[in-house]
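In: turn this into a structure:
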Amino acid sequence: MKFCQSCGMPLTDEVLGTNADGSKNEDYCMYCYKDGHFLQDCTMDEMIEHCAQFIGAVNEGLPNPITKEEYIGQMKMYFPQLKRWRKALAVSDDVAMKVNPALAGVKELIAQMADSLPIAYISSIDNEGYPCTKAMLAPSSAAE
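Out: Model (predicted):
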């Protein structure tokens, strides 16, 4: 199943947004995207707060209902992966590294690999969702 890349809503043909030329947009729902533009000028956190008000509808499809706070916590982990909110993260961005628990220790791990391995392969996902792997050679010592 596909999900709106702005609000996370399940996408069906009936709720697809539209491009500037009137064609259906496969990435966004009609509540987020119409005629090639986002309908809300908001931050990711504002979108999460907006979506949290629909916790009742979310709970209708769940065997064990969750609280609004639990839902917000889940969205804070999920939304940064959506196309609209995805941002390239630089390892040097200490604030982003601390906010995302999945990145805890990444800088230290990379440094440890660079120091102890002759070659390390680092893989990530680019903005289009494709894998990107790069070889990292051990630092060479100064020429004698």
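
In: neighbours of residue 131, just the number please.
Out: When counting by other Cβ atoms under 10 Å, one arrives at 8 neighbours for residue 131. For the C-beta atoms, the positions are set from N, CA and C on the backbone; glycine is no exception.

In: tell me the phi and psi of it?
Out: Reported as degrees, to the nearest 10, the phi and psi values for residue 131 are phi -70, psi 150.

In: bridged to it, which residues?
Out: residue 125 (DSSP bridges).

In: from residue 82, how far out is it?
Out: Applying Cβ to Cβ, to the nearest Å, the value for residue 131 to residue 82 is 19 Å.

In: which residue is nearest the centroid of this structure?
Out: In the chain, the centroid-proximal residue (Cα atoms, centre = their mean) is residue 81; its distance is 1.3 Å.

In: assign residue 136 to helix, strand or coil.
Out: Assigned by DSSP: H, G, I helix; E, B strand; the rest coil, the conformation of residue 136 is strand.

In: check which helix or strand residue 133 maps to.
Out: strand 131-137 (DSSP states H and E).

In: thinking again about what came up before, how near is the residue nearest to the centre of the chain to residue 14?
Out: 24 Å.

In: ok, residue 7 next?
Out: Residue 7 is 16 Å from residue 14, by Cβ to Cβ.

In: just how off-centre is stretch 62-72 within its chain?
Out: When distances are taken as Cα atoms, centre = their mean, to the nearest Å, stretch 62-72 is centred 20 Å away from the chain's centroid.

In: can you list the buried residues in it?
Out: For stretch 62-72, burial by neighbour count (16 or more other Cβ atoms under 10 Å) applies to 71, 72.

In: can you pull the alpha-carbon coordinates of it into CSV?
Out: The C-alpha trace of stretch 62-72 is given here as CSV (Å, rounded to 0.1, in the frame of the first residue of the first chain):
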residue,chain,number,x,y,z
LEU,A,62,-6.3,-0.9,15.1
PRO,A,63,-7.0,-3.9,17.3
ASN,A,64,-5.5,-2.1,20.3
PRO,A,65,-6.2,1.7,20.4
ILE,A,66,-3.4,4.1,21.0
THR,A,67,-3.3,7.4,22.7
LYS,A,68,-2.9,10.7,20.9
GLU,A,69,0.6,11.0,22.5
GLU,A,70,1.6,7.6,21.3
TYR,A,71,0.4,8.5,17.8
ILE,A,72,2.4,11.7,17.8
